[in-house]
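Student: Provided below are the primary sequence and the corresponding predicted coordinates.
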Amino acid sequence: MNLSPMGSEYQIPGDLPLPMTGETPCVYVVDDDDSVRNAVSRLLRIEGLDVRPHQSAETFLAQHDPAGYGCIVLDIAMPGLSGPALQEVLAQRGNDMPIIFLTGRADIPTCASVMKLGAIDFLTKPVDRDVLVAAVGRALDKDAGTREARCLRLTTQGRLATLTAREREVLQHVIAGRLNKQIAAELGTAEKTVKVHRARGMEKMCVRSVAELVRIVERSRMPSFGTG
């Protein structure tokens with residue numbers, strides 16, 4: 001695991017917990033068919049969800065906040081930008097909001113294509129209420145997990161950026177399972193000095209044990225830590 005330096009753009013005080021937005025998720029219903037769009041929106045609102053309908057992919061793109069929390073219920077065939085085309089645009093922009101596709105007819109090639117790009121589900125109209133609600137639930141859970149993982153990465157980056165080069169180097173050896181004596185020999189310094197750098201580094205990373213440090217590194221899945 002490589003504790004390499006990170007940029008300072010994500011500086012976060014080391015003693016702060018992971019930031020939470022407290023934001024209410026939205027379900028964006030994008031369908032050019034007024035009756036379908038209204039019916040789906042009404043059904044989801046009954047479930048207590050915040051629903052934002054759009055009659056085209058273009059209006060969705062014009063009004064959508066890429067940092068928003070939620071999922072998209074998206075029609076396949078629409079005038080102008082189609083559902084799969086919108087999925088590709090969002091992917092190119094790095095927007096990974098989960099998508100549930102709706103279609104008026106079974107289309108195996110299209111289904112395979114959109115699922116390969118990460119769609120949550122591919123449902124046929126008229127959609128069953130319970131099936132749709134379950135799919136939306138999975139999509140919102142996935143989005144929440146993605147946001148939590150991103151938040152953890154940013155927090156870990158911020159904490160890592162507060163380390164000195166030597167603290168980073170010592171923690172690298174700590175994560176590799178080496179003892180203070182071994183680290184001192186490797187770095188050509190006194191064991192007492194290693195202990196100081198280790199303690200300061202652990203404090204800045206807001207961990208009390210090596211196991212906790214390793215767990216944060218693994219959960220953050222940051223390439224700079226060598227976890228992929």
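Tutor: Happy to help now that I have it.

Student: C-alpha from now on. contacts and neighbour counts both.
Tutor: Will do.

Student: I'd like to know the average pLDDT value across the lengthiest helix in the chain.
Tutor: Longest helix in the chain by number of residues, with DSSP state H as the criterion: helix 129-161. Throughout helix 129-161, pLDDT has a mean value of 89.

Student: Now find how far off-centre that helix is within its chain.
Tutor: 5 Å (CA atoms, centre = their mean, to the nearest Å).

Student: Packing partners of the helix or strand following that helix?
Tutor: Using DSSP states H and E, the helix or strand that directly follows helix 129-161 along the chain is helix 165-175. Applying 3 or more CA pairs under 8 Å, 6 or more residues apart in numbering; DSSP states H and E, we find helix 165-175 packed against helix 180-187, helix 191-204, helix 210-220.

Student: What residue spans form the domains of the protein?
Tutor: According to automatic domain parsing, the chain comprises the domains 26-153, 160-225.

Student: where among those is the average confidence lowest?
Tutor: Mean pLDDT is lowest for domain 160-225 among those, at a mean of 87.

Student: Do I have it right that residue 159 meets residue 205?
Tutor: Yes - counting by CA atoms under 8 Å, residue 159 does reach residue 205; the two are 5.5 Å apart.

Student: which SS state does residue 71 fall under?
Tutor: Taking DSSP: H, G, I helix; E, B strand; the rest coil as the rule, one finds residue 71 in the strand state.

Student: any idea how far residue 175 is from residue 30?
Tutor: Residue 175 sits 47 Å away from residue 30, going by CA to CA, to the nearest Å.

Student: what about residue 46, how many neighbours?
Tutor: Each residue near residue 46 was counted by other CA atoms under 10 Å, and the total is 9.

Student: now do residue 115
Tutor: Residue 115 has 16 nearby residues by other CA under 10 Å.

Student: Please identify the helix or strand for it.
Tutor: Assigned by DSSP H and E, residue 115 belongs to helix 108-116.

Student: elements contacting that helix?
Tutor: Looks like helix 108-116 contacts strand 121-124 (3+ CA pairs under 8 Å, 6+ apart).

Student: Just the CA atoms of the strand it packs on, as CSV, please.
Tutor: The C-alpha coordinates for strand 121-124 follow below in CSV (Å, rounded to 0.1, in the frame of the first residue of the first chain):
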residue,chain,number,x,y,z
ASP,A,121,-33.0,-2.6,-14.1
PHE,A,122,-34.8,-2.8,-17.5
LEU,A,123,-38.6,-2.8,-17.0
THR,A,124,-41.5,-3.0,-19.5
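
Student: centroid residue for the protein?
Tutor: Nearest to the geometric centre of the chain sits residue 146, at 2.4 Å (CA atoms, centre = their mean).

Student: From residue 113, how far out is that one?
Tutor: In this structure, residue 146 and residue 113 are 22 Å apart, going by CA to CA.

Student: Just the terminal-to-terminal distance for stretch 101-118.
Tutor: 11 Å.

Student: Tell me the gap between it and the middle of its chain.
Tutor: So, by CA atoms, centre = their mean, the centroid of stretch 101-118 is 23 Å from its chain's centroid.

Student: repeat for stretch 197-209
Tutor: Put simply, stretch 197-209 sits 26 Å off its chain's centre (CA atoms, centre = their mean).

Student: Which residue is the nearest non-sequential neighbour of the residue lying farthest from the centre of the chain?
Tutor: Most distant residue from the mean C-alpha position of the chain: residue 190, 41.8 Å away (CA atoms, centre = their mean). Distance criterion CA to CA, 6 or more residues apart in numbering; nearest residue to residue 190, sequence neighbours excluded, is residue 184 at 5.6 Å.
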